[in-house]
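Enquirer: only geometry, no sequence info:
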């Protein structure tokens, strides 16, 4: 079973939830898919973690074979190829490694080469298996790293908790693509509501089962009212609590504390019921 | 000399677009014959790399001078590689910007 945790806005509590839920759940895997700025390992401190490179393909043009027909530059939807001063120029950071350019080239002047896009870290923290992806600085798309992360956990009987990137772009879509259940996290603010609405629509498009966690809950009922209107199940409201905030900011797993553990346990129980129903 | 300018609406009375890759039109002016042509920017709604495509267009027009308020980092590399000079546009219309350039009143970026 895969459970994705997502929120439109950054800093609402995706990592807080996915780390603590995966820590409490038995037989679980935590996967940090926020490859642009992964922070799950701040909580899951694992010495000497195993690290593997993630490679991706990009086109290399044989300028002697190329006659400048521009079929490849017309084909590329990502504008990673441009015909400039009689030569095809490759913009690696825009390339999505689809390989289409080498297929449409009538002269076989395009071959694909590997480059390092980022890395995947893997280890164990107590009983929890931990994966974390990290994209190299200067790269523009982490989708390939997320694909590789999910590939590693695709044939498991463990419960997989996916810590998604913020927003509702390609990398978020990739990270929820295989999910059986999505937890949306929102904080009660206008910005929080706006971005919750964006991810809500995304999960509707993907036909996902969803539940909502209101983090930093206050007297402001802006998110609560929205959930009622859209008939989204509210899994929990985590109060704005100084002690919880401090522990979390110090990289501690708050579910280890008796005071906060019940919040996360009740979320896990509710999800179990939801997924089985 | 060919001067290319990204524009908001079509023609010399348009304002200069404050976006290069995602401008609506390009105005390509030939100083020899004192005539300008308008081109639609077909890549403006692309999801990425539109600056690359805009630069490709500018270069393929055999542009000598690009007048624009700003250019992205990838575009600037491509355009400078093609020995095209970039001048900073004022917030006036296209025609005024061309006159100012010809009177050496624009700053090189």
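Expert: Arrived safely, thanks for sending. Fair warning: this is a prediction, and the values are worked out from it, not measured in the lab.

Enquirer: helix, strand or coil: sort out residue B:37 for me.
Expert: strand (DSSP: H, G, I helix; E, B strand; the rest coil).

Enquirer: swap that for residue B:79, sorry
Expert: helix.

Enquirer: now name the helix or strand holding whichever residue of the stretch 51-200 of chain A sits closest to chain B.
Expert: Nearest to chain B, among the residues of the stretch 51-200 of chain A, is residue A:79, at 2.7 Å (C-beta to the nearest C-beta). All C-beta atoms are positioned from the backbone trio N, CA, C, and that covers glycine. Taking DSSP states H and E as the definition, residue A:79 sits outside all helices and strands.

Enquirer: for the nearest residue to it once chain neighbours are set aside, what are its contacts?
Expert: Spatial nearest neighbour of residue A:79, excluding adjacent residues (C-beta to C-beta, 6 or more residues apart in numbering or on different chains): residue B:49 at 2.7 Å. By C-beta atoms under 8 Å, 6 or more residues apart in numbering or on different chains, the residues touching residue B:49 are A:78-80, A:91, A:94, B:74.

Enquirer: which bits of the stretch 101-250 of chain A sit near chain B?
Expert: Residues of the stretch 101-250 of chain A lying near chain B by C-beta under 8 Å from any C-beta of the partner chain: residue A:140.

Enquirer: mind checking the backbone torsions on the residue nearest to residue A:79?
Expert: Dihedral angles of residue B:49 (phi, psi; degrees, to the nearest 10) stand at phi 70, psi 20.

Enquirer: okay, now residue A:129: neighbour count?
Expert: Using other C-beta atoms under 10 Å in any protein chain shown, residue A:129 has 20 other residues around it.

Enquirer: and the pLDDT for the residue nearest to residue A:79?
Expert: pLDDT for residue B:49: 89.

Enquirer: measure it to residue B:83 for me?
Expert: 22 Å (C-beta to C-beta, to the nearest Å).

Enquirer: what's the straight distance from one end of stretch A:122-140 to the other?
Expert: 23 Å (C-alpha to C-alpha, to the nearest Å).

Enquirer: show me where chain B has strands.
Expert: Secondary structure of chain B, counting by DSSP state E: strands at B:2-7, B:25-30, B:35-40, B:65-68, B:85-88.

Enquirer: make JSON lines from those and add distance to chain A, mean neighbour count and mean pLDDT to it.
Expert: JSON lines is the format used below for the strands of chain B (distance: least, C-beta to the nearest C-beta, whole Å; neighbours: other C-beta atoms under 10 Å in any protein chain shown; pLDDT from 0 to 100):
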{"stretch": "strand B:2-7", "distance to chain A": "15", "mean neighbour count": "25", "mean pLDDT": "97"}
{"stretch": "strand B:25-30", "distance to chain A": "16", "mean neighbour count": "21", "mean pLDDT": "97"}
{"stretch": "strand B:35-40", "distance to chain A": "16", "mean neighbour count": "13", "mean pLDDT": "96"}
{"stretch": "strand B:65-68", "distance to chain A": "14", "mean neighbour count": "24", "mean pLDDT": "97"}
{"stretch": "strand B:85-88", "distance to chain A": "16", "mean neighbour count": "18", "mean pLDDT": "96"}
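
Enquirer: same list (those strands) but as a markdown table, adding distance to residue A:220.
Expert: Below are the strands of chain B laid out as a markdown table (distance: least, C-beta to C-beta, whole Å):
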| stretch | distance to residue A:220 |
| --- | --- |
| strand B:2-7 | 44 |
| strand B:25-30 | 46 |
| strand B:35-40 | 47 |
| strand B:65-68 | 44 |
| strand B:85-88 | 45 |
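
Enquirer: interface residues of chain B facing chain A?
Expert: B:43, B:46-50, B:52-53, B:55-56, B:59-60, B:74, B:78, B:81-82.
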